[in-house]
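Visitor: when you get a sec, could you give me coordinates for this:
(2 chains)
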Amino acid sequence: MWAFINKLRSPKWFYAISTKLQPWFWAVAALLLVVGTVWGLVFAPADYQQGNSFRIIYVHVPAAFLAQSIFVSMAVSGVVFMVWKIKVADMAAAVMAPLGAAMTFIALFSGAVWGVPTWGTWWMWDARLTSMLILLFLYLGVIALRGAFSSRDSGSRAASVLAMVGVINIPIIKYSVDWWYTLHQPATFTITGRAAMPMEMWLPLLIMVLGFYCFFIALTLTRTRSEILRREVNKRWVRELVEEAS
Amino acid sequence: MHAAPGGLLVAVSATFKRDLTLMLRRRGEVLNPLVFFALVITLFPIGISPDPELLASIAPGLLWVAALLAALLSLDSLFRGDYDDGSLEQLLLAPHPLAALGLAKVAVHWLLTGLPLALMAPVLGIMLALPAGSYAVLALSLAVGTASLSLIGAIGAALTVGLARGGVLLSLLVLPLYIPVLIFGAGAVQAAILGDGIAPHLAILGALFTVSLMLAPWAIAASLRISING
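Guide: Sure, this is the predicted structure:
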């Protein structure tokens, strides 16, 4: 057990293991995303109410899932970094933040585009939209805080604390926004009225969600590897690696 | 670590008294958030409309948002003076939990910012034609709510105290975390106007305060350590 944790501490070990894992995740992600996209956009039947515009769901829902999962993984990495001083965890957290913010933005943007045919407006102060917007601000805060410190180590620890505070707050924010929304409920639309999806719409969605997760893992591995090389540039093993390559 | 003379209570009350004295010697800084609060409230009728009916309908939200911003404005100086003159490092070295000492500082901040804002809000409420019957709830919800705001905001202040220009960043970090308090605080006033029960809102405000009181001091202490050692 301790031997394993000690291994995890070493960026070199992580670099080696991720070299082997990385291509598999990229391959699976590409496969799932291509299959899911083609199935969702071409073969899945059109919605009887929303027509073809419902197909935005194949981007919107996976992005929204990732937006929330990435924040949690970022906070978990922060805990691992703060408690066990595992630097790789912080490097992963650092590269996850922009991806999470991007996913949140994609979820918001695709939601806005989807809103035009279904609600007739780009933006509604819907509970889920509002929570997502707040999540985006939380991401931007973490990214800005990390960048604001001149010492990298302080920035890492500050960002970890903020991610932990944020992750405790996310359920509270989500609950209170839901509550706020039911108080101000506008009576114009219902998206929950739609019954559970038929199988031929749901399966491509599942594939897309899995594809997005694989993409997230693959991208995090690749970007963490770059981050390792950048931060460990003065270590001997990195120099040897570069010499081998050139 | 050896036992400190006097124990934890003495240390906390000493920190509390020291901060209170320091703040009371700089009266201008205590008054600034209150003036800011009044000024922002003055801007709304000018910017929107002097129509009392319209103002009355948006008054709970306006008062809450303006009070929240006024409390935010004063946060940057919460640890700044102590950071600059080195007394924050002394607090870190003290043989008492930093969380408790930080809590004493936050208590002073609330006493001189949150509480005055809560007491002043009804006066500004009159100017916004806030319907009768909601004034006590406005003051009470602000008094409880600003306590949570001080606690949550202190985390942000502790994280940014080591940065030369942390002011804007501080608002960026803290404002999203303020949203639940704003929702239930303004909701309580709204409920009082509509004649609904205010107890649930106040209960949730109290719950938010309790959770912040339990968790925020640890985050404040960890953040102060990061800012000092960094």
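
Visitor: can you count the residues close to residue 177?
Guide: Looking at chain A here, since you left the chain open. 23 (other CB atoms under 10 Å in any protein chain shown). Backbone N, C-alpha and C define where each C-beta goes, glycine included.

Visitor: wrong one, I was asking about chain B
Guide: B:L177, neighbours per other CB under 10 Å, totals 26.

Visitor: so what's it up against?
Guide: By CB atoms under 8 Å, 6 or more residues apart in numbering or on different chains, the contact list for B:L177 reads A:V165, A:G166, A:N169, A:I173, B:I152, B:G156.

Visitor: out of those residues, who has the most neighbours?
Guide: When the contacts of B:L177 are compared by neighbour count (other CB under 10 Å), B:G156 ends up highest, at 30 neighbours.

Visitor: off-centre distance for the one helix or strand A:R128 maps to?
Guide: According to DSSP states H and E, A:R128 maps onto helix A:127-148. Chain-centre distance of helix A:127-148: 12 Å, with CA atoms, centre = their mean, to the nearest Å.

Visitor: now stretch B:95-107
Guide: Counting by CA atoms, centre = their mean, stretch B:95-107 comes out at 16 Å from the chain centroid.

Visitor: what do you get for stretch A:120-130?
Guide: 21 Å.

Visitor: pLDDT on it, on average?
Guide: Average pLDDT, stretch A:120-130: 84.

Visitor: spell out which residues of chain B are next to chain A.
Guide: Selection of chain B residues close to chain A by CB under 8 Å from any CB of the partner chain yields B:155, B:159-160, B:162-163, B:166, B:169, B:172-173, B:175-177, B:179-180, B:183-184, B:187, B:190, B:204, B:208, B:211, B:215, B:219, B:222-223, B:226-227, B:229-230.

Visitor: try it again with 7 Å
Guide: B:155, B:159, B:163, B:169, B:172-173, B:176-177, B:179-180, B:183-184, B:187, B:215, B:219, B:222-223, B:226, B:230 (CB under 7 Å from any CB of the partner chain).

Visitor: the residue in chain A positioned nearest to chain B in helix, strand or coil?
Guide: Closest residue of chain A to chain B, CB to the nearest CB: A:S154 (2.7 Å). Here A:S154 is helix, with the state taken from DSSP: H, G, I helix; E, B strand; the rest coil.

Visitor: and for the one 4 residues further on?
Guide: In three-state terms, and counting by three-state DSSP, A:A158 is helix.

Visitor: ok, it - how many residues close by?
Guide: Neighbour count of A:A158, defined by other CB under 10 Å: 27.

Visitor: please apply the same query to the one 3 residues further on.
Guide: Using other CB under 10 Å, A:V161 is surrounded by 25 other residues.

Visitor: any weak-confidence spans in chain B?
Guide: Low-confidence regions of chain B, defined by pLDDT under 70, span residues B:1-5, B:230.

Visitor: of all the contacts of B:L177, which two lie farthest apart?
Guide: Farthest pair in the contacts of B:L177 (CB to CB) is A:I173 and B:G156. Separation: 15.4 Å.
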